[in-house]
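Undergrad: Kindly return the folded structure for what I paste below:
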Amino acid sequence: MTVLPAGPLRVEVPPFVDPVPFIAAGPPRLPDAVKAMIEEAIRSDDSAAVAAVVKVAMATRPYDAEEIRAMQRAYLDRKAMTMAARTREETERIRNSGVLDLWKGQIELGAFRSTGNTSNFGFTGALKLDRKGIDWQHTVQVSADYQQDSGTITREQYGASYQPRYTLNEDLFTYSRLQYERDRIQGFRDRYSLSGGLGYRLLKRNNLTLSVEVGPAVRRTHFITEPSETAWSMLTSFDFDWKINPAVKLTQDATGYVESENSSFTSQTGIEAGMARGVKARLSYSIEHETAPPEGALKTDTISRFSLVYGF
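TA: Model prediction:
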C-alpha cells in the first residue's frame, strides 16, 4: 500500500501545445417565426396591432429586444413620413383650390309636428353647405317649414344664414354671422341679425367636438302688428357633436340672443343613423322661446321632425 506524503496535494499537467480553439459567433438572431409575425403585423398598417405583437415578442424574446424595437421604429418612421407627405399634398391642394372648390353639403327633406302656437303636421326642408380651408371655414344654411290647412297657412317659417370662421390657433377662432328669419306665426314678418365675436373649441376629438361662440349682435325685426325695432343683444351659441359609432351621431345646437326687450333662445337636439351610402335618417326636436313675443303669440314653440338627409 502506497502512503501519500503529508501536506498539500500537487498535480502537474503538461502545457497545451496548441492555442485554445475559438469559434466566431454573431449576436443573438431573432427567430424567423417571430420576425415573420412582426412583419405580417406591419403589412396590416395597423399601429395598434403592431404594438400588440411587439409587446408579445418582447416578453417571449427579451434577448432580441433591440432587434424587435428596431423593426417597430422603422415602421413608425415610415408611417410618419407617409403621413407628412400626404399632409403636404393636401395643404397644397387646398391652397391652390378655387372659390367653388372644396364645398361639401347635405340636403334634408322630411315632415314635422309642432305644438305651441300651432298643433299640426307639415313639411320641412333644409340645405347646408360647408367649405373648410386651411384657416377659413364658410358655412351656409337654408331651412323652411311650411303647412297649409284647408287653404290657410298654419306654419310658415324660413331661415337662412352665412357664417365665416377664421382660425387663430388650434382651439381659438373668430367668427361673424349674418342671419335672416321669417316666422309669421311667431309674430314677425322679417328679422335680420348681424353678429361677430370669438369662439373656442372646448373639445376636439375624433368622435366628440364641442365649441362655443360669444359676441355682440344687432337685430332688426319687422313685426306684423307692432312697429319695427332695432336692438343690440349678446349672442351665445353652443355646437356639440358626438359620433357614437360609425353609423350613429348625436347633435346638440343651442343659440341665445339676450337683450333688454325681447330675448330669443333656440335649441335643437338631433340623432342621425346611417341607412345607405350618403343617406341618413334624422330625428330632431327643436325648442324656440321668445321672452316677450308680440301680443297673441305664445312664448314657446316646439317642433319634432323626421327627415332623410343626403350628403354630397
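
Undergrad: shaky segments in this structure?
TA: 1-9, 11, 13-28, 112-120, 150-151 (pLDDT under 70).

Undergrad: Tell me how many other residues crowd Arg184.
TA: 15 (other Cβ atoms under 10 Å). Using the backbone N, CA and C atoms, a C-beta is placed for each residue, glycine as well.

Undergrad: correct me, but it touches Glu156?
TA: Yes: in terms of Cβ atoms under 8 Å, Arg184 counts as a neighbour of Glu156; the distance is 5.4 Å.

Undergrad: ok, which stretches of the stretch 101-250 of the chain are strands?
TA: For the stretch 101-250 of the chain, applying DSSP state E, counting those that start in this stretch gives strands covering 103-115, 120-132, 136-149, 152-167, 172-183, 188-204, 208-223, 229-245, 248-258.

Undergrad: In its sheet, which strands sit next to the shortest one, and in what direction?
TA: The reference is to strand 248-258. Sheet pairing for strand 248-258, assigned by DSSP bridges, gives strand 229-245 (antiparallel), strand 264-276 (antiparallel).

Undergrad: Tell me which of these approaches Tyr162 most closely.
TA: strand 229-245 (14.7 Å; Cβ to Cβ).

Undergrad: Residues touching the closest one, excluding its own?
TA: 177, 193, 195, 197, 206-221, 223, 249-263 (Cβ atoms under 8 Å, 6 or more residues apart in numbering).

Undergrad: for that strand, which positions count as buried?
TA: By neighbour count with 16 or more other Cβ atoms under 10 Å, strand 229-245 contains the buried residues Ser233, Leu235, Thr236, Ser237, Asp239, Phe240, Asp241, Trp242, Lys243.

Undergrad: what's the farthest-apart pair in these?
TA: Spatially, the most separated pair among the buried residues of strand 229-245 is Ser233 and Lys243, at 32.8 Å (Cβ to Cβ).

Undergrad: hmm, back to that, got a PyMOL select line for the buried ones in the contacts of strand 229-245?
TA: Of these, the buried ones can be selected in PyMOL as follows, counting by 16+ other Cβ under 10 Å:
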select buried, resi 177+193+195+197+210+211+213+215+217+219+221+223+249+251+253+254+255+256+257+259+262+263
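
Undergrad: Okay, angle between the strand or helix carrying Asp77 and strand 120-132 too, please.
TA: Using DSSP states H and E, Asp77 falls within helix 65-95. Angle of helix 65-95 versus strand 120-132, following axes from the mean of the first three to the mean of the last three Cα atoms, to 10 degrees, is 110 degrees.

Undergrad: so how far is helix 65-95 from its chain's centroid?
TA: Here the centre of helix 65-95 is set off from its chain's centre by 23 Å, with Cα atoms, centre = their mean, to the nearest Å.

Undergrad: for stretch 128-146, same thing?
TA: 16 Å.

Undergrad: Just want the phi and psi numbers for Asp45.
TA: Dihedral pair for Asp45: phi 60, psi 40, per degrees, to the nearest 10.

Undergrad: Apart from its chain neighbours, what residue comes closest to it?
TA: Spatially, and ignoring its direct neighbours in sequence, Asp45 is nearest to Lys79 (7.4 Å; Cβ to Cβ, 6 or more residues apart in numbering).

Undergrad: List the contacts of stretch 214-225.
TA: 175, 177, 184, 187-199, 228-236, 257, 259, 294-296.

Undergrad: mind saving the C-alpha coords of that stretch as PDB?
TA: Provided in PDB are the C-alpha atoms of stretch 214-225 (Å, rounded to 0.1, in the frame of the first residue of the first chain):
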ATOM      1  CA  VAL A 214     -69.800  84.700 -27.800                       C
ATOM      2  CA  GLY A 215     -70.100  88.100 -29.300                       C
ATOM      3  CA  PRO A 216     -72.300  91.200 -29.700                       C
ATOM      4  CA  ALA A 217     -75.200  91.200 -32.200                       C
ATOM      5  CA  VAL A 218     -77.600  93.700 -33.700                       C
ATOM      6  CA  ARG A 219     -81.100  92.600 -34.800                       C
ATOM      7  CA  ARG A 220     -83.700  94.400 -37.000                       C
ATOM      8  CA  THR A 221     -87.200  93.000 -36.600                       C
ATOM      9  CA  HIS A 222     -90.300  93.800 -38.700                       C
ATOM     10  CA  PHE A 223     -93.300  92.800 -36.700                       C
ATOM     11  CA  ILE A 224     -96.700  92.100 -38.200                       C
ATOM     12  CA  THR A 225     -98.800  94.000 -35.700                       C
END
